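1. Next comes the sequence, and after it the predicted model I'd like to discuss.
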Amino acid sequence: MSIENDFPEFPYEDPPGWITCRQKPWNGVLVRVDRQSFKAGDKITFDVTVCSDAAGPNPAAKIRGVVSVTADTTSADYTIPWAGVLDAVTEGSITAFYTLTPADGGEPLTSEAAIVDYSRHQLGGT
């Protein structure tokens, strides 16, 4: 079942729609789910794909990260790691979605996917 009209965010996009060297991806890239009701014991599984072109059909790296909710909250964060994931591509895109597995045993819910362009090129092409 889908979480209607919801998707994770890349809160440090700059310019909008882009993750670049300005965000220092070698320190990881933050993905956030915000304005949702999470309960203690819920599990949020982030699925991230880094592609070697902006259109996204050439996956270069995939990762699944699990966040366990320890207290009732309205947001959850996951940091996409550099090693083996973000370092796999110099220029392309990042796609992320999440699945919420409720602690009460309810049916898992999956979000819409979010996508941003990704470039490690600095001004001047380096």
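-> Perfect, thanks for sending it.
2. May I have the beta-bridge partners of the spatially closest residue to residue 84 that is not a sequence neighbour?
-> In space, and not counting its chain neighbours, residue 84 is closest to residue 61: 6.4 Å by Cβ to Cβ, 6 or more residues apart in numbering. Using the backbone N, CA and C atoms, a C-beta is placed for each residue, glycine as well. Counting by DSSP bridges, residue 61 forms beta bridges with residue 50.
3. How many residues are close by residue 61?
-> 19 (other Cβ atoms under 10 Å).
4. cool, residue 106 as well?
-> Neighbour number of residue 106 under other Cβ under 10 Å is 11.
5. would it count as being in a helix?
-> No - under the criterion used here (DSSP: H, G, I helix; E, B strand; the rest coil), residue 106 is coil, not part of a helix.
6. For residue 87, see how far away it is.
-> Distance, residue 106 to residue 87, using Cβ to Cβ, to the nearest Å: 37 Å.
7. Break down the protein into its strands, ranges please.
-> 18-19, 29-38, 43-51, 59-68, 73-80, 91-101, 109-110, 114-119 (DSSP state E).
8. export those strands to CSV and tack on mean pLDDT and distance to residue 8?
-> Converted to CSV, the strands of the chain look like this (pLDDT from 0 to 100; distance: least, Cβ to Cβ, whole Å):
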stretch, mean pLDDT, distance to residue 8
strand 18-19, 94, 13
strand 29-38, 92, 5
strand 43-51, 96, 7
strand 59-68, 96, 11
strand 73-80, 95, 8
strand 91-101, 94, 5
strand 109-110, 92, 11
strand 114-119, 93, 5
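9. Since that was my last question, I'll sign off now.
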